[in-house]
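Enquirer: A structural model of the following input is requested.
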Amino acid sequence: MKILYSCLSQSWGGMEMITVDATLQLINRGNEVSLLCYPGSKIHLSAKEKKIRTIPLKAGSYFHPTAIFGLVKLLKKEKFDLVHTQASKDLWILVPALKLAAEKCPLFLTKQLGSFIEKKDVFHKFLYRRVTFAFAISRVIEKNLNDTTPLKKDKIKLLHNYVDTHKYDPSRTEGGKIRSEFNISDDDLVIGMLARFSKGKGHEEFLEAAKILCEKFDNIKFLIVGEPSRGENEYAEKIKNISENYGLTERVIFTGFRSDTPDVLSSLDVFAFPSHSEAFGIALVEAMACAKPSVCSNSDGVLDIAVDGETSYLFEKGNAEDLANKLELLITSKDKREAFGSAARKRAVEFFDVKILTDKVLKFYEEGINKNI
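Expert: Numbering: from 1, shown residues only. Sure thing, here's the model as predicted:
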C-alpha cells in the first residue's frame, strides 16, 4: 500500500514518538509510507534520521490555505491508497485538500488525546464525515470520541498503542549497568517513574510518597527519568526544589533524558505511574514488558493496561499517602513483586505487542479500502 502518514505537531512526546515508530512498522511490512510533518520539528528530524521519506509542510494553524493547496498538488501527483493522521488538528488541512483534489482514498484518524470541547458544529461535521475510521487508543478515548464528535459508533475502533516486547524483554536488558552508573548497590530497592516534566504527571505525589517511605526504609532509592518539553523548564526546576526541600537529595536520582529506556526500566524493582490523566500510558506498558510490578493511578487509560491485584496495585489518583501505602505492599513482599512482574510481562506480550497491533491496523486499512471500492 502507498500510505500518507501525518503528524504536523511541533512538540515531542508520546504521540510524536508513536507516529515515527508506526511509520517504520508499516514500512517494515512492505508498505510505501511518506510522513507529512512540520519542517524542522523534532518529529521531522527523527524521521529523517531513520531514513523515512518526509514531506515537510508548514501548517501551524487550523486554517492554512497555502498548505492546503500545496497538499492538493501532492495528492494529485502521488495517488495514495490511504491517509492516516495521528493528530486530529491535521484534519483541517487534510480534509479540504482531499476534497479539492477529488481524492476518494480512505482517511484514518488515531485519537491520542481526549478533548473537552464538543465538536458537533457544521465545520466539524464536514471534517469528521470524511473520516473512514477513528482509532481510539483506550476506552476513555473511545467514550470521548462518542461524546464530543459527530462520528457514528461504527466508525470508532478501539486500537491500543503498542510496544516492542522483544526490545523490552528483560532477558535482553542490562539493568545492572544503570545501577552501577548511579552507584546503586545490590541491597537497594529501586522505585522509578518515567515521564516528561509536565503538570499532571504525578511528580509531586511521587516525591511526597518517597518522603513517607524514606522515613520507614533505609534501603530505597528513587529514579525520576525524563526531561522537560518545550516551555516546561520552570516546572522541572520546581520538582527538583521539592526533592531538595524534602531532604531527598541522597535518595532521589534525576536521570534526565535516557535513550536506553529498556535498561533503565530493568534496573527498577518497582515502577510507579502516578499520572493524573493519561489517555493510554505507553511507559507503563514498557515497564510491564520488562516484567516490572507497578503502582498506578486508578484513572483513564491506565485501566485498559494494569490489572489491580494481578499486575499492579491501583491507588487513588493524586493521593500521595495511598501511593506510599501501595508501594509499601510491594517493598515488603518479594514474592508479590515477582508474581506481579511475571503477570505484567505476560499481559504486555498478549495484548500490547507491536506485531499484534500492527496486524490489527492493517486489517482496518483493508476494511476501509474495501468500503471505498
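
Enquirer: can I see the domain layout of this protein?
Expert: The chain breaks down into these domains under automatic domain parsing: 2-162+354-372, 170-351.

Enquirer: switch these over to a markdown table; also include mean neighbour count and mean pLDDT.
Expert: The C-beta positions use only the backbone N, C-alpha and C, and glycine is treated the same way. Putting the domains of the chain into a markdown table (neighbours: other C-beta atoms under 10 Å; pLDDT from 0 to 100) gives the following:
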| stretch | mean neighbour count | mean pLDDT |
| --- | --- | --- |
| domain 2-162+354-372 | 18 | 94 |
| domain 170-351 | 19 | 96 |
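
Enquirer: can you list contacts of the one helix or strand Val72 maps to?
Expert: Secondary structure from DSSP states H and E places Val72 in helix 65-78. For helix 65-78, the surrounding residues in contact (C-beta atoms under 8 Å, 6 or more residues apart in numbering) are 2, 4, 34, 36, 55, 57-59, 93-94, 96-98, 100-101, 103.

Enquirer: following element in sequence after it, please.
Expert: Using DSSP H and E, the helix or strand that follows helix 65-78 in sequence is strand 82-85.

Enquirer: angle of the helix or strand just after that following strand against helix 65-78?
Expert: Using DSSP H and E, the helix or strand that follows strand 82-85 towards the C-terminus is helix 91-100. Here the directions of helix 91-100 and helix 65-78 differ by 50 degrees (axes from the mean of the first three to the mean of the last three C-alpha atoms, to 10 degrees).

Enquirer: now the helix or strand just after helix 91-100 against helix 91-100, angle please.
Expert: The helix or strand immediately downstream of helix 91-100 is strand 107-111, counting by DSSP H and E. Put simply, strand 107-111 runs at 170 degrees to helix 91-100, going by the same axes, to 10 degrees.

Enquirer: by contact count, what packs against the helix or strand that strand 107-111 is followed by?
Expert: Sequence-wise, the next helix or strand downstream of strand 107-111 (DSSP H and E) is helix 122-129. In terms of contacts (3 or more C-beta pairs under 8 Å, 6 or more residues apart in numbering; DSSP states H and E), helix 122-129 is packed against helix 91-100.

Enquirer: what residues does the helix it packs on touch?
Expert: Helix 91-100 has contacts (C-beta under 8 Å, 6+ apart) with 6, 8, 57, 59, 62-64, 67-69, 71-72, 75, 83, 85, 105, 107, 109, 126-128, 130-131.

Enquirer: 10 Å - rerun?
Expert: The contact list for helix 91-100 (C-beta atoms under 10 Å, 6 or more residues apart in numbering) reads 4, 6, 8, 36, 57, 59, 61-65, 67-76, 80, 83-85, 87, 103-105, 107, 109, 119, 123-124, 126-131.

Enquirer: dump it to CSV, restricted to CA.
Expert: Taking Å, rounded to 0.1, in the frame of the first residue of the first chain, the C-alpha atoms of helix 91-100 are listed here in CSV:
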residue,chain,number,x,y,z
LEU,A,91,-7.9,17.2,9.6
TRP,A,92,-8.3,20.9,9.0
ILE,A,93,-5.6,20.6,6.3
LEU,A,94,-6.2,17.0,5.1
VAL,A,95,-9.9,17.1,4.6
PRO,A,96,-10.1,20.2,2.4
ALA,A,97,-7.1,19.1,0.4
LEU,A,98,-8.6,15.6,-0.2
LYS,A,99,-11.9,17.4,-1.3
LEU,A,100,-10.2,19.8,-3.6
